[in-house]
Each structure stands twice: as C-alpha cells, then as structure tokens.
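Visitor: Provided below are the primary sequence and the corresponding predicted coordinates.
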Amino acid sequence: DSGTHKLSLFGHDRKVNSMRICEENVWSASSDGTMRIWTISSYEFVKQVDVKAPVLSIESEKSSIWGISHTGKLNMWDGRSLTMVHEVSRRVQNGIISITLLPVLDNGKVIGHNAWVTSSDKIVSIWKIITSNAYKEMQLPPTDNGS
C-alpha cells in the first residue's frame, strides 16, 4: 500500500541531518560525526566514514559526495571508491546550515564547483572549489547585502 512504512536503517548515534544518493548507494550524514553508506538495491550497510565532527549537510554531484561539518570544513568523497579525494584547506564558514553545489563548466567539461552555503548568520555565501587546474576565477556581480 502506498504510504506505508517499509524499512528503517539504524547505525547513527545522533540525529541524521542530510541524505543523498550517489552511484548505487545512499549516504546519510549525522551529528555523530559520521556518514553511513547503504546500497539502494538491498538496503545493506556498506561503510561508515568517520568525519570526526558533526556533518550538517551533504550534496551529491555525479559520482561525488560533498560534506560540510560544523567546523566549516568542506570535503569531497568519491562515490565509487568511497574514499575522500579532496579537502578544502580552510574553513568555509561558521554556523553552516546547508550546502548546494553547482558545477563550473568550460566547453562542457566540469572544471570546478561553486558551493552555495547557507548559515545561521543570515548570509548565503558562494565559495569557489577548485578541483581542476583549469578553473578560472569567476566574476560575480555585486550583491545587495541586505542592509
């Protein structure tokens, strides 16, 4: 019957903040400082990723998962190998609430991403995330700071 509860997946020790599909898996992010990965087809637990800080938001983009923790650090994991492949070397922002990724294209090829980050300080920030040497600086139009 439509609308009936099908299954519960357990494993996190604190609240689950975000969930995304990447490749053949579902990734969940939690305040317990972990991300857990389950298969879509059989709901089996695959792996736990220890981030060591509450993971507030995750986003998927093709075969990558991007996660941001309460420390303001942004990391990228490969959805196939389930390993971290990129780390932003500096804190992105305090009071993070969520992240949305938009790819930056050059002749149809993804050369980087812009991370749109919301925070408790009433600001939406856009961060340049370099994943390729070909990423060129983008000129953003001036914004109304709301004052």
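Guide: That came in fine, so what should we check first? Numbering: from 1, shown residues only.

Visitor: from here on, contacts and neighbour counts on C-alpha atoms
Guide: Fine.

Visitor: three-state assignment of the residue nearest to Ser28 when sequence neighbours are not counted?
Guide: Nearest residue to Ser28 in three dimensions, chain neighbours excluded: Met19, at 4.3 Å (C-alpha to C-alpha, 6 or more residues apart in numbering). Reducing the assignment at Met19 to three states with DSSP: H, G, I helix; E, B strand; the rest coil gives strand.

Visitor: how about the helices in this structure?
Guide: Counting by DSSP state H, the chain forms no helices at all.

Visitor: which parts of this protein are strands?
Guide: Per DSSP state E, the chain carries strands over the ranges 16-22, 25-30, 34-39, 45-50, 55-61, 64-69, 74-78, 84-87, 96-106, 109-119, 124-130.

Visitor: okay, these in a markdown table with mean neighbour count and distance to Gly3 next?
Guide: Below are the strands of the chain laid out as a markdown table (neighbours: other C-alpha atoms under 10 Å; distance: least, C-alpha to C-alpha, whole Å):
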| stretch | mean neighbour count | distance to Gly3 |
| --- | --- | --- |
| strand 16-22 | 19 | 20 |
| strand 25-30 | 23 | 20 |
| strand 34-39 | 22 | 22 |
| strand 45-50 | 15 | 24 |
| strand 55-61 | 23 | 26 |
| strand 64-69 | 24 | 29 |
| strand 74-78 | 20 | 33 |
| strand 84-87 | 15 | 36 |
| strand 96-106 | 17 | 28 |
| strand 109-119 | 18 | 32 |
| strand 124-130 | 16 | 35 |
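
Visitor: with distance to Ser2 and mean pLDDT as extra columns, can I get these in a markdown table?
Guide: As requested, those are exported to a markdown table (distance: least, C-alpha to C-alpha, whole Å; pLDDT from 0 to 100):
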| stretch | distance to Ser2 | mean pLDDT |
| --- | --- | --- |
| strand 16-22 | 22 | 94 |
| strand 25-30 | 21 | 95 |
| strand 34-39 | 22 | 96 |
| strand 45-50 | 25 | 94 |
| strand 55-61 | 27 | 88 |
| strand 64-69 | 30 | 84 |
| strand 74-78 | 34 | 84 |
| strand 84-87 | 38 | 82 |
| strand 96-106 | 30 | 82 |
| strand 109-119 | 34 | 81 |
| strand 124-130 | 37 | 76 |
